[in-house]
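Undergrad: sequence plus the predicted model coming up.
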Amino acid sequence: MMALSESKKPVGNQINPDLNVCIVKENTLTGQKTWLYTHNIVTNDGDLYYAQRATETSVTSDFSGSSGRMELRTGSATPAKADVFTQVTTPIPTSIQPMDSNYPKVNDGDSDNTGAGTDIVTWLASWTTSDFNSNAIIGGCIHVAGGASGATTPGATKLLTHFSLTSFNKTSSDTLKIFVNHTFNGT
């Protein structure tokens, strides 16, 4: 999976707009931040979610509700439109994290999110140094399944989005924020 990695924050929105997933890892011992970028696939269930949110009062799968979670993986996968959690190979159960408070939101004001904008919906999940540690993290997803860190996510669980990225490690000295930005500008 092609992704951009840099140790300094880019100035402005200089990233490729197709790389709509922004990963910010900060080493709490050195204060150094690293940005990684990749793209994601909004799944068929994700398309349905956005269509229902735009026109209906209820949704089939409420990814933004209290059961919405982000989870990371170490197994190789090629994200596809029809994916469900079964395709999230070698998930890291200890990485299950609810969306941050007040997310998703439009026009995100977090200065670490280099992909925010007025017609962009941002999802954010954050991890502290003690939440989990893992080597060779190469992807993740947003799914709709309640449960705390360490729980097992059922295989048929619906996904909003699925992504792959350049491998990185999260140690006990690192915090982690992952922004997923979905642009709505008509097609």
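TA: Sure thing, it's come through.
Undergrad: now do stretch 118-135: distance to the chain's middle.
TA: Put simply, stretch 118-135 sits 7 Å off its chain's centre (CA atoms, centre = their mean, to the nearest Å).
Undergrad: buried set for it?
TA: For stretch 118-135, the neighbour count (16 or more other CB atoms under 10 Å) marks Ile120, Val121, Thr122, Trp123, Leu124, Ala125, Ser126, Trp127, Thr129, Asp131, Phe132, Asn133 as buried. For every residue, glycine as well, the C-beta is placed using N, CA and C.
Undergrad: kindly indicate which of those residues lies nearest Val88.
TA: Distances from Val88 to these, taken as CB to CB, are shortest for Ala125 (14.6 Å).
Undergrad: phi, psi for the closest one please.
TA: Main-chain torsions, Ala125, degrees, to the nearest 10: phi -130, psi 140.
Undergrad: equivalent analysis for Thr94, please.
TA: Torsion angles at Thr94 (phi, psi; degrees, to the nearest 10) stand at phi -70, psi -10.
Undergrad: mind checking which of the buried residues of stretch 118-135 are in helices?
TA: The members of the buried residues of stretch 118-135 all map outside helices under DSSP state H.
Undergrad: is it true that Cys22 touches Tyr37?
TA: Yes: Cys22 lies in contact with Tyr37 (CB atoms under 8 Å); the separation is 5.9 Å.
Undergrad: relative to Thr171, how far out is Phe132?
TA: To Thr171, Phe132 is 10 Å away according to CB to CB, to the nearest Å.
Undergrad: how about Tyr49?
TA: From Tyr49 to Thr171 the distance is 34 Å (CB to CB).
Undergrad: ok, these two, which is more surrounded?
TA: Comparing Tyr49 with Thr171 by other CB atoms under 10 Å, the one with more neighbours is Tyr49, at 24 against 13.
Undergrad: list the contacts of the more buried one.
TA: The neighbourhood of Tyr49, defined by CB atoms under 8 Å, 6 or more residues apart in numbering, consists of Val59, Thr60, Ser61, Asp62, Phe63, Leu160.
Undergrad: which of the residues you listed has the largest number of neighbours?
TA: Of all the contacts of Tyr49, the highest neighbour tally under other CB under 10 Å goes to Leu160, namely 26 neighbours.
Undergrad: let me know the pLDDT of it.
TA: We have a pLDDT of 96 for Leu160.
Undergrad: just give the closest residue to Val42, not the sequence neighbours.
TA: In this structure, Val42 finds its nearest non-sequential neighbour in Thr161, 5.4 Å apart by CB to CB, 6 or more residues apart in numbering.
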